[in-house]
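>>> My questions concern the predicted model and sequence given below.
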Amino acid sequence: MAHINQERLELAVEAIGNRGLGWEGEGFDNNELAITRGWLRSKGNSIEGGTSEINLNVIAKRVLGLRDHQ
């Protein structure tokens, strides 16, 4: 889900163009600021939940019935 969220917000930032460069200030409305902040925050989601590669390895081990190294 973290990867999907990152892609969704990257598309949103691209769609609003240079309006997606603001962090604060009068030149940006609340929606533009929320998109930019959400996009930057989304980068940490994959780290917090474990990287996608690790999660995929865990799933693959369970599907294949492989044991973890002891």
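Looks like it arrived, so ask away.

>>> Let me see the contact set for Asp68.
Lys61 (CB atoms under 8 Å, 6 or more residues apart in numbering). Just so you know, the C-beta spots here come from the backbone N, C-alpha and C atoms, and that holds for glycine as well.

>>> now it, what's its secondary structure?
With DSSP: H, G, I helix; E, B strand; the rest coil as the basis, Asp68 sits in coil.

>>> how close does it sit to Val58?
9 Å (CB to CB, to the nearest Å).

>>> which sections of the protein are below the confidence cut-off?
Residues of the chain that meet the criterion pLDDT under 70 lie in 49-50, 69-70.

>>> let's see it at 90
1-5, 21-27, 42-62, 64-70 (pLDDT under 90).

>>> now the helices: where do they sit in it?
2-16, 30-48, 52-64 (DSSP state H).

>>> closest to Glu24 out of the ones you listed?
With respect to Glu24, and counting by CB to CB, the nearest of the helices of the chain is helix 30-48 at 6.8 Å.

>>> what about that closest one, distance to the chain center?
Here the centre of helix 30-48 is set off from its chain's centre by 7 Å, with CA atoms, centre = their mean, to the nearest Å.

>>> One more: stretch 44-53?
9 Å.

>>> measure it end to end?
15 Å (CA to CA, to the nearest Å).

>>> which residues touch it?
Looking at what lies outside stretch 44-53 - CB under 8 Å, 6+ apart - the contacts are Ala2, His3, Asn5, Gln6, Asn55.
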